[in-house]
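Student: here is a sequence together with a model predicted from it:
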Amino acid sequence: MPDRRTRVAASPAAAPLAASLAAFRQELGLPEAFPPAVETEAQEAAAAHPLPDADAADLPFLTIDPAGSTDLDQAMHLSRAGDGFLVRYAIADVPALVAPDGAVDQEARGRGQTIYAPDGRVPLHPDVIGEDAGSLLPDVVRGAFVWEIALDGDGHQTSAHVSRARIRSRRRWSYEEAQAALDDGSAPPELALLREIGEARIACERERGGASLNTPDEEVVVRDGTYALERRAPLPVEEWNAQLSLLTGMAAAQLMIEGRVGILRTMPAPTDEAFQTFRAQTVALGLPWAEGMPYGAYLRTLDPVHPLAAAVLQAATALFRGAGYVAFDGEPPHDPQQAAIAAPYAHVTAPLRRLVDRWGLVICEALCGGRPVPEWARTSLGTLPSIMGASSRLAAQVEAGAVDRVEAALLSSRIGAELGATVLAVRNGTVLVQLDEPAVTASTPRWDGVEPGDRIRLRVMAADIGTGRVAFEPVPSDAVRQP
């Protein structure tokens, strides 16, 4: 599932928001740099640049990422195989560059994952690994875990295997470039099948009862001294590409379950109450989720750039809660499902940005090669759920605090204004509302007589960019003024 990203456009006019976000980073104690010993060890590993013996550099792999990306975890090569397809999905060989229990490893265990914020990111690894020696950059030979996953003509997996090999990506494609090439027919053979395979895998997702939450990227800009939010809808190629990552994660999970050792990404199914709340919110927003329609199918009907649809997608995040990691060495977990994907699933496709993927990759490669799982991976497997849980909580805290400050910035020029809003939920003494413009989801203290679905007006009383605090008061219905 593509990740939502909110960014702040570089602009002198956006300085107050940039300063607030920077202060929030300091408040949370997010690291600004890596310790010297970590940088030194990373540089030494990059200089040694160990490579696998197997050579697949003759295959024209390619990468597809946001424009300008340099931390490239995945490369692909797609081909037909009889009536079906062969997906070769190469994942950066980060384990070859990180010595177990070394300085880089210990620092990465302390960080857990790359933390993203609107004003930048806090990387998992030093740039010499994350954006150079470990990255699948074009026209250089890199070590990779090469997954070979066979699919039948309908996109169902028939086999999966992973091994280490040298690869050489031929080109770094942006999403926009790849979409244009697929649309006009100029895509090279190793890319041309992405639409067909991606759509087949989406059909498999529907068949399983899975769901993808494709929220739009957002950018905060300043126009005429006022903050505004621009949304960019995900391109189709982004989801087709994401389907390959999901395919690989499901293949990895199955290998681990059969091998009786590994770590899965699990998530419980949403409760009936969560579904009922979400359904009520879709009705309140005027985009009702029809009875009998699977929630994954409903989410696919939404235009993520439309403000109300974006609000529905944001509300749907409540259905995707409770995700965690379960490590096992022996009996697999009783319920291995990741409910949103509707299948067992493991994180193995982003080792430059996520700690746990390093373990998943070496475990799957050992199982496929008929060798024992490396001792360092097996003995430390049980520590990963708590490490990843802590880093995920920090990431959520960063996102929530950043969203508060972004929303305060969007409302900072509207002090005293009366804004239309729709009530999404009433609970725990608060009223959750979706403002019409700017398209902000906010909360205000509860008052009598308000119910989900009500149309109301609120007066903006405060919007402090420095703290992210916003405050409203309800406008009595007999005092409503048109904007």
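Tutor: The structure has been received and is ready for your questions.
Student: count residues in the vicinity of residue 259, would you?
Tutor: 15 (other CB atoms under 10 Å). C-betas here are computed from N, CA, C, even on glycine.
Student: one more: residue 224?
Tutor: Applying other CB under 10 Å, I find that residue 224 has 7 neighbouring residues.
Student: got a pLDDT number for it?
Tutor: pLDDT recorded at residue 224 is 70.
Student: distance check, it against residue 413.
Tutor: To residue 413, residue 224 is 9 Å away according to CB to CB, to the nearest Å.
Student: contacts for the helix or strand residue 316 falls within next, please.
Tutor: Here residue 316, judged by DSSP states H and E, is contained in helix 307-316. Identification of contacts with helix 307-316 by CB atoms under 8 Å, 6 or more residues apart in numbering yields 213-216, 231, 278, 281-282, 285-287, 295, 299, 302-304, 424, 434, 436-437, 439, 441.
Student: what segments of the stretch 101-250 of the chain are helices?
Tutor: Along the stretch 101-250 of the chain, the stretches classed as helices by DSSP state H, counting those that start in this stretch are 103-111, 127-128, 175-184, 189-192, 194-208, 236-259.
Student: tell me which residues of the third one are tucked away?
Tutor: So that's helix 175-184. 175, 178-179, 181-182 (16 or more other CB atoms under 10 Å).
Student: hang on, the earlier thing: mind giving me the PyMOL select for the contacts of helix 307-316, buried ones only?
Tutor: The buried residues among these can be selected in PyMOL (16+ other CB under 10 Å) with this line:
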select buried, resi 213+214+215+216+231+278+281+282+285+287+295+299+302+304+424+434+436+439+441
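Student: follow-up on the earlier one: so which of the helices of the stretch 101-250 of the chain gets nearest residue 452?
Tutor: With CB to CB as the measure, helix 194-208 is the member of these nearest residue 452 (29.0 Å).
Student: tilt between the closest one and helix 236-259?
Tutor: Orientation of helix 194-208 against helix 236-259 (axes from the mean of the first three to the mean of the last three CA atoms, to 10 degrees) gives an angle of 60 degrees.
Student: packing partners for helix 194-208?
Tutor: Counting contacts by 3 or more CB pairs under 8 Å, 6 or more residues apart in numbering; DSSP states H and E, helix 194-208 is packed against strand 74-81, strand 84-92, helix 175-184, helix 236-259, helix 295-300.
Student: give the rounded mean pLDDT of stretch 63-80.
Tutor: Stretch 63-80 comes out at a mean pLDDT of 96.
Student: and it, what's buried?
Tutor: 63-65, 71-78.
Student: mind putting the residues you listed into CSV with distance to residue 315?
Tutor: CSV is the format used below for the buried residues of stretch 63-80 (distance: CB to CB, whole Å):
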residue, distance to residue 315
63, 33
64, 30
65, 29
71, 31
72, 33
73, 30
74, 30
75, 36
76, 33
77, 39
78, 35
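Student: what comes into contact with stretch 39-55?
Tutor: Contacts for stretch 39-55 (CB under 8 Å, 6+ apart): 34, 93, 96-99, 102-104, 125-126, 128-129, 132-134, 141-143, 163-166.
Student: where is the longest helix in this protein?
Tutor: Identified as the longest helix of the chain according to DSSP state H is helix 384-411.
Student: mind listing what's buried along that helix?
Tutor: Buried residues in helix 384-411 (16+ other CB under 10 Å): 384-385, 387-388, 391-392, 394-395, 398-399, 401-411.
Student: again, but for stretch 19-27
Tutor: Of the residues in stretch 19-27, those buried (16+ other CB under 10 Å) are 20-21, 24-25.
Student: winner for burial among the helices of the stretch 101-250 of the chain?
Tutor: helix 236-259 (a mean of 22; mean count of other CB atoms under 10 Å).
Student: immediately after that one, which helix or strand?
Tutor: strand 261-266.
Student: that following strand - contacts with which helices or strands?
Tutor: Short answer (3+ CB pairs under 8 Å, 6+ apart): strand 261-266 packs on helix 236-259, strand 324-329, strand 337-338, helix 356-369.
Student: between the first one and helix 175-184, how many degrees?
Tutor: Here helix 236-259 points in a direction 100 degrees away from that of helix 175-184 (the same axes, to 10 degrees).
Student: so how far is helix 236-259 off the chain centroid?
Tutor: Here helix 236-259 is found 14 Å from its chain centre; the criterion is CA atoms, centre = their mean, to the nearest Å.
Student: and if you look at stretch 291-309?
Tutor: Distance, stretch centre to chain centre, for stretch 291-309: 19 Å (CA atoms, centre = their mean).
Student: for that stretch, which positions count as buried?
Tutor: 295-296, 298-299, 302, 304, 306-309.
Student: save these as a markdown table, and put in distance to residue 347 and pLDDT too.
Tutor: Shown next, in a markdown table, are these (distance: CB to CB, whole Å; pLDDT from 0 to 100):
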| residue | distance to residue 347 | pLDDT |
| --- | --- | --- |
| 295 | 23 | 88 |
| 296 | 20 | 89 |
| 298 | 26 | 92 |
| 299 | 22 | 91 |
| 302 | 26 | 89 |
| 304 | 24 | 78 |
| 306 | 31 | 79 |
| 307 | 32 | 75 |
| 308 | 32 | 80 |
| 309 | 28 | 83 |
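Student: tell me the two of these that are most distant?
Tutor: Farthest pair in the buried residues of stretch 291-309, by CB to CB: 296 and 307, 22.2 Å.
Student: name the nearest residue to residue 94, sequence neighbours excluded.
Tutor: Leaving aside its sequence neighbours, residue 94 sits nearest to residue 351 (CB to CB, 6 or more residues apart in numbering; 4.0 Å).
Student: model confidence for that neighbour, exactly?
Tutor: 98.
Student: number of residues surrounding it?
Tutor: By other CB under 10 Å, neighbour count at residue 351 equals 30.
Student: any idea how far residue 390 is from it?
Tutor: 19 Å.
Student: am I right that residue 338 is in contact with residue 325?
Tutor: No. Using CB atoms under 8 Å, residue 338 is not in contact with residue 325, being 10.6 Å away.
Student: more neighbours: which of those two?
Tutor: Each of residue 338 and residue 325 has its neighbours counted (other CB under 10 Å); residue 338 has more, 22 against 18.
Student: which residue packs closest to that one, ignoring adjacent ones?
Tutor: Nearest to residue 338 is residue 345, by CB to CB, 6+ apart, at 3.9 Å.
Student: then residue 461?
Tutor: In space, residue 461 is closest to residue 471, 4.4 Å off (CB to CB, 6+ apart).
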